[in-house]
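A.B. asks: Model the structure of this input:
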Amino acid sequence: MTDLASRRDPQSSPLRRRSDRVAVDLVTVVLRDGRPDLEVRLVDLSPFGFHARHSESHLARDDRLRIDLPLLGDMPARVIWTIKGCFGCRFSVPIEERAYLRLLAVVRACDTGWRR
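C.D. replies: The predicted model follows:
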């Protein structure tokens, strides 16, 4: 008898990311309508989303927010998952490839601190 889990195609998993994420270390701000801004530390980034750490636990799955990114300004996103002190988001509109590469160059040069 064959185990069903061993036959599952990892490429077809609904949890599979669309692209690899790049590790970053950037302090920035998440803006939430009607709520105080939230300082976060970006942990990784892709054209489709990001993972960040924060000191609050006031974010929930499906929350809408905007994250302030160098060169791009406020990028709308939706919370996909949360774990104590961390959350992951998907951008409402993916970042175009050239803009993403420019963003990564600036993020790496910022050395953790970004303020508009």
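
A.B. asks: Based on its surroundings, how many neighbours for H58?
C.D. replies: 11 (other Cβ atoms under 10 Å). All C-beta atoms are positioned from the backbone trio N, CA, C, and that covers glycine.

A.B. asks: tell me which element it is part of?
C.D. replies: Using DSSP states H and E, H58 maps to neither a helix nor a strand.

A.B. asks: That one and W81, how far apart?
C.D. replies: From H58 across to W81, the span is 15 Å (Cβ to Cβ, to the nearest Å).

A.B. asks: Please name the residues that touch E56.
C.D. replies: Taking Cβ atoms under 8 Å, 6 or more residues apart in numbering, we find E56 in contact with L38.

A.B. asks: swap in F50?
C.D. replies: Taking Cβ under 8 Å, 6+ apart as the test, what F50 contacts is R21, L42, V43, D44, I67, A77, G88, C89, F91.

A.B. asks: Give me the neighbour count for the fourth one.
C.D. replies: The number of residues packed around D44, counting by other Cβ under 10 Å, is 15.

A.B. asks: Skip the chain neighbours and tell me the closest residue to it.
C.D. replies: Of all residues not flanking D44 in the chain, R21 sits nearest, at 3.9 Å (Cβ to Cβ, 6 or more residues apart in numbering).

A.B. asks: That neighbour touches P47, doesn't it?
C.D. replies: No: look at R21 against P47 with Cβ atoms under 8 Å: they stay out of range, at 9.5 Å.

A.B. asks: Between the two, point out the one with more neighbours.
C.D. replies: P47 (19 against 16).
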